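> got a sequence here, can you build the structure:
(one chain, ligands or ions: 1)
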Amino acid sequence: MTKVLNNWEDGHWIGQTLEVENGVCALPARTLAGELAYTDEVKAATDHLYALVADFIPKFEWPAYAPLVHAINKLKVEKNAVILAHNYMTPDIYALVGDYKGDSLGLAIEATKTDAEIIVQAGVHFMAETSKILCPDKKVLIPSLDAGCSLASSITGDDMRLIKQRYPGIPIVTYVNATAEVKAETDICCTSSNAVQVVESLGVPKVIMVPDEFLAKNVANMTGVEIIAWHGRCEVHARFDAEDVRDMRAANPGVVVLAHPECPPDVVLESDFTGSTKAMSDYVSNNKPKNVILLTECSMSDNVAMANPDVDFVRPCNLCPHMKRITLQNIYDCLVNEEHEVKVPKRIAKKARRAVQRMIDLPAPGKKGHFDPKAGHKDIRVI
Ligand code: SF4
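Okay, the predicted model is just below:
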């Protein structure tokens, strides 16, 4: 068993150190205080979980994680709460405390089916808003109010109203990675799985797509509908470029490259398969490539790797700084204090729900959920 050493500096308490079998593990003061001590009870209750994250958390660090994991899982039962864990969460959150896992819309739809009274969104703010829009009677909490998104921040409700004035009569399709206020001003929402299908479902020759310029360009390459794009970008996916992909292929002969459609079109052109996070995960599970690269956020590779231990992942790591604001510690704090409740004004929620529901009511996208890397290239207007 580990031994806890109390640390003092100039008469002040600065934390504790664990003596473990193979060394020491320094812990912040809070981690071992009171309820969060690494006790025999915590050890017994969590030892079996370590195997799930053994590839990502060194054994000597486990005593820093286990008390939080144990406390969060107990709190969920006591408070009738669930945690929605996005695919970009770190493995400790995704595998050890997440109740539902997936992309933002999948999580929000799961939330509508649960009897839980509290939903903790382990993801970014627009995702929590989507959960609140679809579950107006539940208490939706986000562990960090700083968990924003470069893409969602690129456009406001005022921008939407100006677009409508400037392009009257042209329907607006809004990617779900947008604020509730922006969704409320839109005709229909889309995800990266169903964007082509949603655009074509409107039966019009021209649509405006916001906020992701690259998703709009990738959709334009897959449809005869004329697309006008907004200039928003995901700072994670925009960083990949075609030369990176060629370099990675040269360094890893035979590797299969999967890209997210928020990547620039020349990256999609260089990839073997392009689809949503779910489509990428399904591709790996169904095809079991020997070597694979996922051109998306870092933690996605970790989480898909957990379910596919026989596949080798090459990791060109682009971290999302917003997703990484969610930690076990702030999930715990948010559950204890029931803090950072996400609220959407009723008037906005009603209009936004209509746009999201219109998309949900469409049939499943089938093949149209995939982007053909060889679909050619169109120049489109970006506003
Ligand atoms: S990965 Fe991109 S779209 Fe997703 S939260 Fe981060 S910045 Fe926003």
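
> any buried residues in the longest helix anywhere in the chain, and which?
The longest helix of the chain (DSSP state H) is helix 62-79. Neighbour counts over helix 62-79 (16 or more other CB atoms under 10 Å) mark 62-73, 75-76, 79 as buried. Placement of C-beta: from N, CA and C, glycine included.

> of those, closest to residue 264?
Minimum separation from residue 264 among these (CB to CB) is found for residue 65, which lies at 36.5 Å.

> neighbouring contacts of the one helix or strand residue 52 maps to?
Under the assignment given by DSSP states H and E, the secondary-structure element containing residue 52 is helix 50-53. By CB atoms under 8 Å, 6 or more residues apart in numbering, the surrounding residues in contact with helix 50-53 are 57, 59, 62, 65, 66, 91, 92, 95, 96, 306.

> do whichever helix or strand comes after the longest helix of the chain and the ligand meet at all?
Read in the C-terminal direction, the helix or strand following helix 62-79 is strand 81-86, with elements assigned using DSSP H and E. No. Residues of strand 81-86 are not located near the ligand by CB under 6 Å from any ligand atom, the shortest gap being 8.3 Å.

> so strand 81-86 versus helix 62-79, what angle?
For the pair strand 81-86 and helix 62-79, the angle between their directions (axes from the mean of the first three to the mean of the last three CA atoms, to 10 degrees) equals 130 degrees.

> other residues contacting strand 81-86?
Strand 81-86 is contacted from outside by 72, 75-76, 93-94, 97-104, 107-108, 110-111, 114, 116-124, 127, 131, 323, 331, 335, using CB under 8 Å, 6+ apart.

> alpha carbons of that strand, as CSV, please.
Taking only C-alpha atoms (Å, rounded to 0.1, in the frame of the first residue of the first chain), the coordinates of strand 81-86 have been written out as CSV:
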residue,chain,number,x,y,z
ALA,A,81,-26.7,12.8,-12.6
VAL,A,82,-25.1,11.7,-15.9
ILE,A,83,-22.0,12.8,-17.6
LEU,A,84,-22.0,13.3,-21.4
ALA,A,85,-18.4,12.8,-22.6
HIS,A,86,-17.4,14.1,-26.0
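
> for the stretch 201-350 of the chain, what spans make up the helices?
Along the stretch 201-350 of the chain, the stretches classed as helices by DSSP state H, counting those that start in this stretch are 213-220, 242-251, 265-270, 277-287, 298-307, 328-337, 346-360.

> list the contacts for the residue nearest to residue 280 when sequence neighbours are not counted?
Using CB to CB, 6 or more residues apart in numbering and skipping residues adjacent in sequence, the residue nearest residue 280 is residue 258, 4.7 Å away. Contact analysis of residue 258 by CB under 8 Å, 6+ apart lists 271, 272, 273, 274, 275, 280, 283, 284, 292, 293, 294, 295.
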